[in-house]
Each structure stands twice: as structure tokens, then as C-alpha cells.
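S.K.: need the 3D shape of this:
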Amino acid sequence: MALRTTVAAFVALAIASPLSFGPSAETAAQRGPQIFNSVHDSLRKWGSTVHPNGMSLYLATIPEGVLLHHGNGRNETPTSLDWLAYEIEHAEMFARSGRPGPPGPPGGREELRKRESDQVQLLNPSIEPTESMHGWLHTFKTTRPLQFLYIDGMSGDKGNTGVIDSQDYLLRGVRKHRKGSQVEEKLETKPPGPPGEFKRAQDLCDLCAEWRLEGVIRAEGAGFEVIKCDFSSGMEQVQSLQRADSQRGPPRDHGPGDGGHRGPPRGPRQGPHPPPNYRDIGPGRTILDYSSMVSAFFFPVNLTNPGSNYADLPRLTGTTEEEMSAIRGYLATVLDARIASPLEPFTWRDVSDLIVHRYGDEISSIANSSDSTETVASRIRFLVEVFVDYATPDKDVRISQAHKRCSTFYIQTMPLNTDADKLIYAGFEAVNAEICTALFKARELLGENGADADSASLEEIRDTMKALKMFLSWSDYMGKEDYRFP
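M.R.: Residues are numbered from 1 along each chain as shown. Below you'll find the model as predicted:
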């Protein structure tokens, strides 16, 4: 399907280097679906699972008074770098002596579930369990607004599928991963974990210190986590409770609710489709500044995945060190400019929700059903007639103007204060233009009265909607048709 872009002419963007390498509206329009999905999936577990290889970074704020949880094997509060979870159950996986890791992500891609044995085993072999060791669950509350870097996708997962590309290639500048090449400090207070993970967290915290941030927020299979670089800053412990001895040993796998879907794990394209609250952070506990968004999708870099089985998942393996350094420098500039900026109550993610709610189910219904001509025509009229001004006598002009209104309707009120706003606008406009092109094509095939389409035209309309679904790749579409949660 041809990508139609009607990028606003006012988009003028700063460059990141003297070589004119920088973000561009043209690149953002070409990667409109990826930018749209990054925004729409942000801080959402299912969307992060469907699009695991995150390429975008955001300034995030956890407000005052939010509860966060930490599990460990001792009645001690961490004094420096360590992990927090938004959900009690997530932290309790670590509230045991030996501290095994969380289960793999239910409903995630098969490759993301394949952890190397030396990565999933979080038991520190240098410590022998004793009778005095128990699991402890610590709960903290934030005492002031805390600012973090949110890394989208399944950036808390491990593996070589691209989930950590934005952390290693972009943020840390690490391009080679040889087993045993990363030497970590041997500290008694170092949390046990997969090889290289603590070093990664240390490097991220070094960057966060430069950028005046408290740490990073990531999603992993068990939920959203916070790497808090300094537990003594901005948090107060609410309680510390010893867990029962039965907590020792690895936790059983579990999915959403009481046990998740039945049967073997499946990838997101095979279902099931989770309920809307599936391990999401929810409104209020973390607020993203979408005007601070910095994404590899904004830049003219090679995001081709060398693995043919996952060609739809972007990778940073084809980028250069100079490109990654330029984006990292651009990110530092953006964070410095936005760190004291007020947060908008209505965001680009809210806009994406309006668009998905308006078009998502209707497009899917037309693509996958055997509805009559009258039913299809009714659905198309519902979606496009609102944009048609019948006071315009010339048909071609009327439809051209309607298409333009359709393409910009939901984005026309958003303030374009930053480069990120303008780039997101370009991406969203490209997505809306493609949706509107498909809908008005269907309208033309149906005829003015909606009854002119024959069976061949109906099939063409369905094929157009199927291609549109593939182009959009919305997480709402993944697995939705074939499976339901029990």
C-alpha cells in the first residue's frame, strides 16, 4: 500500500551534527506507523509485548505519593542502585532467599521466552542459604515528583532479539557482547541477576546522573519495573514485611489474573488478546512527556533486522557509532530543555486512543467479515461522511477537502511546541492519511448511494482493509480475532 504523506510545511527541525544528520519530518512520515505505535503502546504491557524492540525514549515523572515495591532476601533497605516494581506480585517474585527471576512474558514472542540458562538464574552462587535467610517485601512511597527515563518496548527483557538495542547501542555505546567480557564489581550489596545486567544498570545510572534523572523505567515479562539509582533520594519506606518460608524457591509461572491463558504460551500474533488493564501502570502513577520523545524512528538510520524471521522488528545493529552518538547527544539536549517543563493533561497518547477507538474495530470488521453490501456501506458512511461538506458543488473538490479534513481531524488541536511534537504530528498525519485513503477508496467503490458495489468490489474493499491493518500493525489487532481470555 502506497504511503501517502501530507506533511505540514511548517516542520523545521534542529540538526544533531554539522553533517546534517538529525531528525526529519520526512523520515517521521515514512515511519508513521512505528511512531504511532510507540506512542500508543507507551506504558502499556500488551502493546510493549506486541512491539518489543523499543526505539523510543521519553522523560517520565512518577508523582508524589505513588507506592513502589521491592523484594529481596534480607531485612535491609537498598542504599544505592536497585530495582522496584509497580505491582506487589512482581516484587514478591524476588522476596525470597535466593531471589529467582520472574517467569517469561505470557503472550510474548517465542524468541523472548527463550532465556539462556545463565541469564534466567538469579541465584547468587557465592551465597549459601541459611536458616536465618528469609524473603522480605519492602514498600516505598515517593515523597516528591521523581523524573526518570522511560525506555519503550520490552526493554527490561534480556536476549539478542533487539529488546535491549536502545540501551546498549544508543545509550551505552556498547556494540559487542562477548560472554564474560563485561566485568562487574563484586559487591555484597550488588543485586543478583543475569550476567551484564548490573553493569548495564550502572551505565544507565551514570547517564541519568548527568541528565538529573532518578533512573529508568522498563517493561519486562512480569510487568513494569523501575531501576532506582539511589534509594535514599525521594522515597520513604512504608513497610518491610518478612515473607513465609514457603516463598523459598522459584515461583510458579503465571499469567494475568488467576493463571492467564490455558495451554502453551503463544506469540502475540497467535493470541490471546488481554484485557485492557493487563499489567498496565494505569493513569496517574507515571506521566510521560510526549513533547520530549526521542526516537530512532525520527532519524534516517538503518533499522533493518538481520534476522529474516523477525523482519518487522526494528534493530539498531545496522547503525554506526557516530549515528548513535549523535542521537544520544540530541537526547541529552532534549532532556535538559524539558526537565522543568509542565506536563500537558491531554497528550499524544490520548490522540492515538481516539484514532484507534474511532477506526480500529470498524476497519477490522470490514476486513474480516462477510457482511452484505448494505452493512459495509453503513460502516463506511459512519467513518467518512462526517468529513464531507455537501455545500461544495464540485465532487472532486468535495472529496479532496474531505480527505484532508479526515487526515488532520484528530491532530489539529495539538500544540507543536517542540521538535518531538512536530515529528509526532508528521507520523500521525501519515497514518491518518493512509486510513482516510483506504476509507474513501471504499466509499468510491460502493458508489454514492452505497449500493453500487458488486461482489468483486466488496472483495477489493476487504483486501484494502486487510492491507490497512497490516500497515497499521496496531496492538489491538494482534490475537484479537482468534482467542479470548478465560
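S.K.: so the spatially closest residue to Asp230 that is not a sequence neighbour, which of the three states?
M.R.: Nearest residue to Asp230, sequence neighbours excluded (C-beta to C-beta, 6 or more residues apart in numbering): Ser80, at 6.2 Å. Where C-beta positions appear, they are placed from N, C-alpha and C, glycine not excepted. In three-state terms, and counting by DSSP: H, G, I helix; E, B strand; the rest coil, Ser80 is coil.
S.K.: so the chain: which segments form each domain?
M.R.: Domain segmentation of the chain under the TED database yields 43-97+133-174+191-243+277-337, 346-475.
S.K.: most neighbours per residue, which of those domains?
M.R.: Among those, ranked by average contacts under mean count of other C-beta atoms under 10 Å, first place goes to domain 43-97+133-174+191-243+277-337 (a mean of 20).
S.K.: start to end distance for it?
M.R.: 23 Å (C-alpha to C-alpha, to the nearest Å).
S.K.: and that domain, what's its mean pLDDT?
M.R.: For domain 43-97+133-174+191-243+277-337, the mean per-residue pLDDT is 94.
S.K.: report the distance from it to the chain centre.
M.R.: Offset of domain 43-97+133-174+191-243+277-337 from its chain centre (C-alpha atoms, centre = their mean, to the nearest Å): 11 Å.
S.K.: quick one, which of the domains of the chain is nearest to Thr27?
M.R.: Using C-beta to C-beta as the measure, domain 43-97+133-174+191-243+277-337 is the one of the domains of the chain that comes nearest Thr27, at 5.1 Å.
S.K.: can you put the domains of the chain in JSON lines and add distance to Gln34?
M.R.: Listed next are the domains of the chain as JSON lines, based on distance: least, C-beta to C-beta, whole Å:
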{"stretch": "domain 43-97+133-174+191-243+277-337", "distance to Gln34": "5"}
{"stretch": "domain 346-475", "distance to Gln34": "8"}
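S.K.: among the ones you listed, which is nearest Pro33?
M.R.: Here domain 346-475 is closest among the domains of the chain (C-beta to C-beta), at 5.8 Å.
S.K.: packing partners for the helix or strand harbouring Lys441?
M.R.: Here Lys441, judged by DSSP states H and E, is contained in helix 419-446. Packing contacts for helix 419-446, counted by 3 or more C-beta pairs under 8 Å, 6 or more residues apart in numbering; DSSP states H and E, involve helix 25-30, helix 32-41, strand 287-295, helix 348-368, helix 373-384, helix 395-408, helix 455-472.
S.K.: alpha carbons of the shortest one, as PDB, please.
M.R.: Listed next in PDB are the C-alpha coordinates belonging to helix 25-30 (Å, rounded to 0.1, in the frame of the first residue of the first chain):
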ATOM      1  CA  ALA A  25       9.700  15.200   9.200                       C
ATOM      2  CA  GLU A  26      10.200  13.200   6.000                       C
ATOM      3  CA  THR A  27      11.600  10.300   8.000                       C
ATOM      4  CA  ALA A  28       8.900  10.600  10.600                       C
ATOM      5  CA  ALA A  29       6.200  10.400   8.000                       C
ATOM      6  CA  GLN A  30       7.800   7.400   6.300                       C
END
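S.K.: flag every buried residue along it.
M.R.: For helix 25-30, a neighbour-count test (16 or more other C-beta atoms under 10 Å) marks 25, 27-30 as buried.
S.K.: return the distance of the helix or strand that Tyr330 is a member of from the chain's centre.
M.R.: Under the criterion of DSSP H and E, Tyr330 resides in helix 321-338. Its chain's C-alpha centre lies 20 Å from the corresponding centre of helix 321-338 when counted by C-alpha atoms, centre = their mean.
S.K.: tell me the SS of the residue in the chain sticking out farthest from the centre?
M.R.: Here the chain reaches farthest from its C-alpha mean at Pro393, the gap being 45.1 Å by C-alpha atoms, centre = their mean. What three-state DSSP gives for Pro393 is coil.
S.K.: ok, which of the domains of the chain comes nearest Ile35?
M.R.: Comparing the domains of the chain by C-beta to C-beta, domain 346-475 comes nearest, at 3.4 Å.
S.K.: start to end distance for the closest one?
M.R.: 22 Å.
S.K.: now do that domain: distance to the chain's middle.
M.R.: The answer for domain 346-475 is 24 Å, by C-alpha atoms, centre = their mean.
S.K.: any chance of CSV for the helices and strands packed on helix 419-446, columns distance to Ala332?
M.R.: Converted to CSV, the helices and strands packed on helix 419-446 look like this (distance: least, C-beta to C-beta, whole Å):
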stretch, distance to Ala332
helix 25-30, 20
helix 32-41, 20
strand 287-295, 9
helix 348-368, 22
helix 373-384, 43
helix 395-408, 32
helix 455-472, 33
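S.K.: to Asn72, which of these lies closest?
M.R.: strand 287-295 (28.1 Å).
S.K.: among the helices and strands packed on helix 419-446, which is nearest Asn432?
M.R.: Using C-beta to C-beta, the helices and strands packed on helix 419-446 put helix 395-408 closest to Asn432, at 4.6 Å.
S.K.: the closest one packs against which elements?
M.R.: By 3+ C-beta pairs under 8 Å, 6+ apart, helix 395-408 packs against helix 419-446.
S.K.: which residues does the helix holding Tyr330 contact?
M.R.: Helix 321-338 is contacted by residues 16-17, 21-23, 57, 59, 149, 169-171, 173, 175, 210-211, 213, 289, 291-292, 294, 296, 299, 301, 316, 418-420 when judged by C-beta atoms under 8 Å, 6 or more residues apart in numbering.
S.K.: with stretch 226-237 instead?
M.R.: Applying C-beta under 8 Å, 6+ apart, the external contacts of stretch 226-237 come out as 62, 68, 77-86, 138-144, 146, 148, 201, 204-205, 208-209, 214-218.
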